[in-house]
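>>> Only the shape, not the letters, is given here:
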């Protein structure tokens, strides 16, 4: 687990060992929020004095939701995500981690590893229903801070961005610098991302915002801006 200092804030990041997805944790006094949870034993000591945890999902893919059950068993918690994300993770048919299993199987084949079997032993298939959902946008107060949620289409129907105090944006897999935006998965849509999401993000986000992506390292939005336009690659 590493961390980033942004003004007077410390944001902790844990990279999931199976598929390199990012989980972010911010602790303030006796409360915390966790973005895109996965199991990490170091989080226990980090949150030992916390009385309640808000779990925030940027989208419904298993590499960003696998730790919901683990956190819910250990901390009083509340789950927030888009309605489409909540609907997806509430279905029995979506309990099986098909996508991540396929990726790990391919990695094992190429690298001679045994990650898929390790993941299966650790992963607890569950269905979930979010405590708070939204269709297009939502504003929540977290102590003295503001959390602004907004849907982001293209990577998945349940994706959203989360702006913290108008200076940090948790964007999941919908905005990354080091990796392409994947729109070829089932339920993804490259045309919608290009025609709707990119223009929206160019208006919504500020160039000096710190972007916390679902994979890869945090970056300033200005790092991927050119002539007022966001430049990303696709896969």
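In hand now; what should we look at? Note that the structure is a prediction, hence the values are computed from the model and not measured.
>>> which one is residue 66 nearest to, not counting chain neighbours?
Take residue 66 and drop its neighbours on the chain: the residue closest to it by Cβ to Cβ, 6 or more residues apart in numbering is residue 38, 5.1 Å away. The C-beta positions use only the backbone N, C-alpha and C, and glycine is treated the same way.
>>> can you map out the helices along this structure?
42-46, 68-74, 83-89, 98-111, 115-122, 190-192, 198-204 (DSSP state H).
>>> highest average neighbour count across these?
Highest mean neighbour count among those (mean count of other Cβ atoms under 10 Å): helix 83-89, with a mean of 21.
>>> Residue 37 and residue 72 touch, don't they?
No. Using Cβ atoms under 8 Å as the test, residue 37 is too far from residue 72 to be in contact (9.1 Å).
>>> residues shared between the contacts of those two?
residue 55 (Cβ atoms under 8 Å, 6 or more residues apart in numbering).
>>> before we move on, back to that, which residues sit in contact with the residue nearest to residue 66?
With Cβ under 8 Å, 6+ apart, residue 38 has these contacts: 14, 16, 21, 23, 63-64, 66-67, 70.
>>> Closest one to residue 184 out of those residues, please.
The closest of those to residue 184 turns out to be residue 63 (Cβ to Cβ; 16.2 Å).
>>> Could you report the distance from the residue nearest to residue 66 to residue 234?
25 Å (Cβ to Cβ, to the nearest Å).
>>> Then residue 17?
Distance from residue 17 to residue 234, by Cβ to Cβ: 27 Å.
>>> again with residue 130
Distance from residue 130 to residue 234, by Cβ to Cβ: 29 Å.
>>> Name the residue in the two with the higher neighbour count.
residue 130 (21 against 13; other Cβ atoms under 10 Å).
>>> my read: the more buried one touches residue 84, true?
No. At 10.6 Å, residue 130 does not count as touching residue 84 under the criterion of Cβ under 8 Å.
>>> Show me the common contact partners of those two, please.
Counting by Cβ under 8 Å, 6+ apart, nothing touches both residue 130 and residue 84.
>>> Quick one: closest of the helices of the chain to residue 148.
Of the helices of the chain, the one closest to residue 148 (Cβ to Cβ) turns out to be helix 198-204, at 9.3 Å.
>>> what helices or strands is that closest one leaning on?
Counting contacts by 3 or more Cβ pairs under 8 Å, 6 or more residues apart in numbering; DSSP states H and E, helix 198-204 is packed against strand 229-230.
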